[in-house]
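In: Using only what follows, build the 3D model:
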Amino acid sequence: MSLYEQLSAYCIRHKIRLAEKRVIVAEQLLVADEFTDGDTLWRDMRSRGIKISPATVYESLNWLVVAGFAERRFATDSRKNLFGIPDLVRNTLNS
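Out: Alright, predicted model coming up:
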């Protein structure tokens with residue numbers, strides 16, 4: 001099942017709207033292939049031509065963490081939160 005399909009199924013189960021920006025952030029986090037902070041993710045998205053605000057990126061990241069599609073770690077060398085797609089979720093994705 002693709003990440004989009006998993007997000008869609010989650011939203012249907014919980015009777016919430018699937019916000020397209022959340023999908024975009026989740027897909028970009030998956031492409032990053034490593035844990036990254038929200039600012040770096042936002043800059044990467046902007047450089048790819050994706051128009052999204054930093055606030056929307058952080059709101060989406062927090063939602064993805066609560067929903068179980070992303071994981072938050074604390075960087076040991078700074079005060080930043082790092083976000084990534086956990087292996088458990090990656091292993092359920094079809095290529």
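In: Torsion angles phi and psi at the residue most central in space within the chain?
Out: Closest to where the C-alpha atoms of the chain average out (Cα atoms, centre = their mean) is residue 26, at 3.1 Å. In terms of degrees, to the nearest 10, the main-chain angles of residue 26 are phi -60, psi -40.
In: Tell me which stretches of this structure form strands.
Out: Ranges of strands in the chain, per DSSP state E, are 71-74, 81-84.
In: Contacts for the last one, please.
Out: Around strand 81-84, the neighbours that count as contacts under Cβ atoms under 8 Å, 6 or more residues apart in numbering are 29, 32, 34-38, 41, 61, 64-65, 70-75. Every residue, glycine included, has its C-beta placed from N, CA and C.
In: Quick one: the helices in this protein, in order.
Out: 3-13, 20-32, 38-47, 54-67, 87-90 (DSSP state H).
In: And the shortest one, what's buried?
Out: Right, helix 87-90. residue 89 (16 or more other Cβ atoms under 10 Å).
In: and for it, what are the contacting residues?
Out: Helix 87-90 is contacted from outside by 3, 6, 30, 68, 69, 70, using Cβ under 8 Å, 6+ apart.
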